[in-house]
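Enquirer: Build the 3D model from these lines:
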Amino acid sequence: MASTPGPKGRPEPPMGLMRRLDAALRAAFPAVFAAALMVLGATPVGVPGLMMAAALPCVFFWSIFRPAAMPAPVVFVLGLLLDLLSFTPMGIGVLTLLLVHGVAFRAREVLARTSFLLGWLAFCVVAAGAAVLGWVLQALLGWQWPAPMPGLHMFGVAVGLYPGLAWILTRAHMAMRRAEGAAP
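Expert: You can find the predicted model right below:
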């Protein structure tokens, strides 16, 4: 295997075990963090829609700022986990998260350069669409009109969680970028 030239023309040494482990953990962090938040949201605290409200900001944020770490197959698995933990009809969480991922991924060039307030407003629109989509899918799959309050509650919790989660995820993203820039 030929080595690629480094910044000063010398071949770079092959990645050691610790560097490969570090790169793998950085790549897995977005999905693992989102899954951990969903599992924490599954605790019986009486907050309807908490799992979806925790998953939406993570998928939205990472689809914009680190799309390679939040590809569609990972979002599919997160949606499947969401459906299994929330006991909703299979496919609602998968489809909702995949659509959120698709919208964020398509708009990432614009959203990555906007201010936090505009990004939050864009997230509010996407979260409102996710709440409506979830309600419509439950109505279609259950053949009855579901109560609108759980969807409205999920929307409110997701919009309220976004600033705090975005702050945490931004710090994590910056730390990962610094680590990637410092790696020899």
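
Enquirer: got a list of what the residue nearest the centre of the chain touches?
Expert: In the chain, the centroid-proximal residue (C-alpha atoms, centre = their mean) is V59; its distance is 1.7 Å. Contact partners of V59, counting by C-beta atoms under 8 Å, 6 or more residues apart in numbering, are A34, M70, V75, L78, L97, V100, H101, A104. Placement of C-beta: from N, CA and C, glycine included.

Enquirer: Could you check how far it is from A28?
Expert: Shown here: V59 relative to A28, a distance of 15 Å by C-beta to C-beta, to the nearest Å.

Enquirer: quick one: which of the contacts of V59 is most hemmed in?
Expert: Neighbour count (other C-beta atoms under 10 Å) singles out L97 as the most crowded of those, with 30 neighbours.

Enquirer: Tell me who's in contact with that one.
Expert: L97 makes contact with A55, L56, V59, V75, F76, L78, G79, L82 under the criterion C-beta under 8 Å, 6+ apart.

Enquirer: low-confidence ranges in the chain?
Expert: Within the chain, the segments meeting pLDDT under 70 span 1-14, 46-48, 183-184.

Enquirer: Tell me where it has helices.
Expert: Taking DSSP state H as the criterion, the chain contains helices spanning 17-41, 50-65, 72-86, 92-106, 108-111, 116-142, 149-182.

Enquirer: burial count for the residue nearest to F29 when sequence neighbours are not counted?
Expert: Taking C-beta to C-beta, 6 or more residues apart in numbering as the measure, F29 lies nearest to A172, with 6.6 Å between them; neighbours along the chain are not counted. For A172, the number of neighbouring residues by other C-beta under 10 Å comes to 18.

Enquirer: thought A172 was touching R26?
Expert: No: here A172 does not reach R26: they are 9.4 Å apart, not a contact under C-beta atoms under 8 Å.

Enquirer: who touches stretch 119-139?
Expert: Where contact means C-beta under 8 Å, 6+ apart, the residues beyond stretch 119-139 that reach it are 52, 56-57, 60, 64, 88-89, 91-92, 95-96, 99-100, 103-104, 107, 111, 114, 145-146, 148, 151-152, 154-155, 158-159, 162-163, 166.
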